[in-house]
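J.: when you get a sec, could you give me coordinates for this:
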Amino acid sequence: MSDKSELLLKPKRFYKSAAAAPVEQGFAIQLDGRTPKSPARKPLVAPTQALGAMIAAEWEAQVEYIDNSLMPATRLAFTAIDRIAETRAEVAREITAYAASDHLCYRAESPRVLVERQEREWGAVLDWARAEHGLVFTPVAGIIHTPQPPETLASVEALVLTLDDFALAGVAFAAGLFGSTVLGLAVRAGQLAGQQALDLSRLDEIYQAEQWGEDAEAKARAAALAVEAAMIDRWFAALRH
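T.: As a prediction, this is how the structure comes out:
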């Protein structure tokens, strides 16, 4: 599809300004005073002023056409508004499934430098999860799946079900992004920045790149993931304020 054809599929920017304004349910994104609707026809309202401002800034940044691919916080907000309230138990199970095969639990067998780096850096995050939430994970060497303690997975599911819809949507997004529920919870708590969590999730790749270099495709993928990591970092920070 040509660039021109792609533009024709995108709606033109129809508003002069975007902002967040207080309403009874939180802070509504307003386009010239009117609140856009989600795909399920629900108003786009954020629970905090900071998150409302973050989402409104995405709408304000659109130029001639509205490009949803450049609006990750808006898309995640629509997920929180349309999907989470109806499927909280299902989303909690998805997050728990990531915990059941959490990336931080599968360690390299060699070389020793990488093994020690994983033990030190990944171990510190697992130690935090134990101290903060009582979550005890069992690391293993190699890639063969090893079940995690059932009580740990039950605790993860119970923990995430205590979150509001926007925080739950964020943890689900982060768990998928990092391949790790523990990293997602750490970013939510402000224990790790989004880029730090991403780097930890890519520790093996980063080590290989240090040894052998990184090709253009891998660099582009890492850059795209970094954009998502920065967004989810800002998402959780906005929910905390």
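J.: three-state assignment of residue 28?
T.: strand (DSSP: H, G, I helix; E, B strand; the rest coil).
J.: ok, what's across the strand from it?
T.: residue 21, residue 45 (DSSP bridges).
J.: so where's the chain uncertain?
T.: 1-8 (pLDDT under 70).
J.: domains in it, by residue range?
T.: 3-65, 85-240 (automatic domain parsing).
J.: got a list of what residue 19 touches?
T.: Contact analysis of residue 19 by CB atoms under 8 Å, 6 or more residues apart in numbering lists 29, 30, 56, 60. C-betas here are computed from N, CA, C, even on glycine.
J.: confirm it sits in a strand?
T.: Yes: using three-state DSSP, the assignment for residue 19 is a strand.
J.: tell me the most buried of the domains of the chain?
T.: domain 85-240 (a mean of 17; mean count of other CB atoms under 10 Å).
J.: you'd agree residue 47 is up against residue 166?
T.: Yes: counting by CB atoms under 8 Å, residue 166 is a contact partner of residue 47 at 5.5 Å.
J.: and for those two, which residues touch both?
T.: Joint contacts of residue 47 and residue 166 (CB under 8 Å, 6+ apart) are residue 239.
J.: mind telling me which residue is nearest the centre of the chain?
T.: In the chain, the residue lying closest to the centroid (CA atoms, centre = their mean) is residue 174, at 2.8 Å.
J.: what strand or helix carries that residue?
T.: Applying DSSP states H and E as the criterion places residue 174 in helix 165-178.
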